[in-house]
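[1] based on what follows, work out the 3D shape:
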Amino acid sequence: MDSNVLVSLLVILLPLSFISERITNLVKLFLPTSNFLSIGNVRYRENNPLLEKKRERRIFLISLLSGELVAFSLKADLFTILNSGKFGWDEPASGFSWIIGCLFTGFFLSWGSKFWHDLLGIILEAKNMRRAIIDEKNLDVQLRAFGTQETSSPSEEVAAVTIKPNQPQAAKPEFVQDKPTLQRIAKLHPLLREEAKEIYLQILAQGIAVRFTDTLRTFAEQDELYAKGRTKPGKIVTQAKAGQSFHNYGLALDFCLLLADGREASWDRHTDINLNLRYDWDEVVALFRHYGWEWGGDWVNFKDYPHFQKTFGLSTAQLLKLYNRKEVDGEGYVVIKENEFS
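    Numbering: from 1, shown residues only. Okay, the predicted model is just below:
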């Protein structure tokens, strides 16, 4: 069965099951507690397990009858819903197929709204996961197809990103480059600056406005951050002391989305600024992954969704050792040599 047809079916069954449940509850509330029409007690829980089992069966029977009442009242023929995604009340009744279809619908409505709500959530989540996988593969193909946009030098940077002619239609909006982001890119480790700039331009080219909120963090700034919630007021925000964060070496960055023409920061991972039916956050993650960056959202013990890092296979302990040995360049960044720790 096509997933869209299944979603349409669930979207119809969910509100109908709500209606059926309300009818069942009304019957339970207003049905006399005496042996009315030989139905017996359905309102109060029985202390005797055997009697309670019988009460549950009576409630299920009422729920089933309520479901059938709703199905036949609205002519909710299951077969018509599957074929056209709508009720069959505006179609002439012929034969017995619509009766059988309504019987099936009423039976399914008796399963309760929670069942249909949870099933709809599972189906939609599965569709989103499948779409994210396909989008990431398509993005990888697109990046190989039209490469990355480059500028010859910082002095020749233009105010806005120019979209390449073969860029998808959904990626055509232009965004002015964010000045704080450009300044923070310039503070990254020299090995990452050009690549981070390329990624940033690709993000803009996808029609997504972002800001790199944190790149290089000095040892003193790391100590200040670590003191929060410990020796200084505030909540604990990090477990890393000075030298224990990849930010201290310019090998990590955090980001946020920019909304309202750059006036509002957002960490909502389910927005779609460029209206291409893909979560913008996932598109940014896919770009960084394409360039070999590690995403904090993939971590098992602690999820850091705005965080990316590229460490060249080095640990913070190894980087700190290089730093303490004064193996730094003229700007104070640790000199990373190929196969340093292989």
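[2] how close does the nearest residue to residue 228 once chain neighbours are set aside sit to residue 254?
    Setting aside the residues directly before and after it, residue 228 is nearest to residue 234 in space (C-beta to C-beta, 6 or more residues apart in numbering), at 4.0 Å. For the C-beta atoms, the positions are set from N, CA and C on the backbone; glycine is no exception. As judged by C-beta to C-beta, to the nearest Å, residue 234 and residue 254 stand 18 Å apart.
[3] for residue 107, pull up the helix or strand it's in.
    Residue 107 is part of helix 97-109 when elements are defined by DSSP states H and E.
[4] show me the contact partners of that helix.
    13, 16-17, 20, 64, 66-72, 75-81, 88 (C-beta atoms under 8 Å, 6 or more residues apart in numbering).
[5] buried set for that helix?
    98, 101, 102, 103, 104, 105, 106, 108, 109 (16 or more other C-beta atoms under 10 Å).
[6] list the neighbours of the helix or strand hosting residue 265 that are in contact with it.
    Here residue 265 sits within strand 264-266, counting by DSSP H and E. Residues from elsewhere that reach strand 264-266, judged by C-beta under 8 Å, 6+ apart: 211, 213, 256, 257, 258, 259.
[7] so what does the biggest strand by length in the chain touch, helix or strand wise?
    Using DSSP state E, we find that the single longest strand of the chain is strand 252-259. Contacts defined by 3 or more C-beta pairs under 8 Å, 6 or more residues apart in numbering; DSSP states H and E place strand 252-259 against strand 210-214, strand 264-266, helix 280-290, strand 307-309.
[8] just send the ones you listed back as TSV, with distance to residue 229, mean pLDDT and mean neighbour count too.
    As requested, the helices and strands packed on strand 252-259 are arranged in TSV below (distance: least, C-beta to C-beta, whole Å; pLDDT from 0 to 100; neighbours: other C-beta atoms under 10 Å):
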stretch	distance to residue 229	mean pLDDT	mean neighbour count
strand 210-214	18	96	20
strand 264-266	23	93	13
helix 280-290	27	96	21
strand 307-309	19	97	21
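[9] got TSV for these, with distance to residue 317 too?
    Output for these, formatted as TSV (distance: least, C-beta to C-beta, whole Å):
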stretch	distance to residue 317
strand 210-214	22
strand 264-266	33
helix 280-290	24
strand 307-309	15
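[10] so which of those comes closest to residue 128?
    helix 280-290 (9.1 Å; C-beta to C-beta).
[11] any idea which helix or strand comes after the closest one?
    strand 294-295.
[12] now do residue 157, the pLDDT please.
    pLDDT, residue 157: 35.
[13] distance of residue 329 relative to residue 191?
    Counting by C-beta to C-beta - residue 329 and residue 191 are separated by 10 Å.
[14] compare these two and say which is more crowded by neighbours.
    residue 191 (14 against 11; other C-beta atoms under 10 Å).
[15] starting at the chain centroid, how far to the helix or strand that one falls within?
    Using DSSP H and E, residue 191 falls within helix 190-205. From the chain centre to the centre of helix 190-205 is a distance of 24 Å (C-alpha atoms, centre = their mean, to the nearest Å).
[16] which positions in it come out as buried?
    Those would be 192, 195, 196, 197, 198, 199, 200, 201, 202, 203, 204, 205, for helix 190-205 by 16+ other C-beta under 10 Å.
[17] columns pLDDT and distance to residue 266 on top of those, output as CSV?
    Formatted as CSV, these follow (pLDDT from 0 to 100; distance: C-beta to C-beta, whole Å):
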residue, pLDDT, distance to residue 266
192, 97, 25
195, 97, 25
196, 98, 21
197, 97, 22
198, 97, 24
199, 97, 19
200, 97, 17
201, 96, 21
202, 96, 20
203, 96, 14
204, 95, 16
205, 93, 20
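[18] residue 196 contacts residue 251, doesn't it?
    No: at 10.5 Å, residue 196 does not count as touching residue 251 under the criterion of C-beta atoms under 8 Å.
[19] what touches both of the two?
    With C-beta under 8 Å, 6+ apart, residue 196 and residue 251 have common neighbours residue 188.
[20] hang on, the earlier thing: pick out the most distant pair among the buried residues of helix 190-205.
    Spanning the widest gap among the buried residues of helix 190-205 are 192 and 205, at 19.5 Å by C-beta to C-beta.
[21] low-confidence ranges, the chain, go.
    Applying pLDDT under 70 to the chain flags residues 1-5, 30-46, 84-95, 127, 129-174, 338-342.
[22] appreciated, that's everything.
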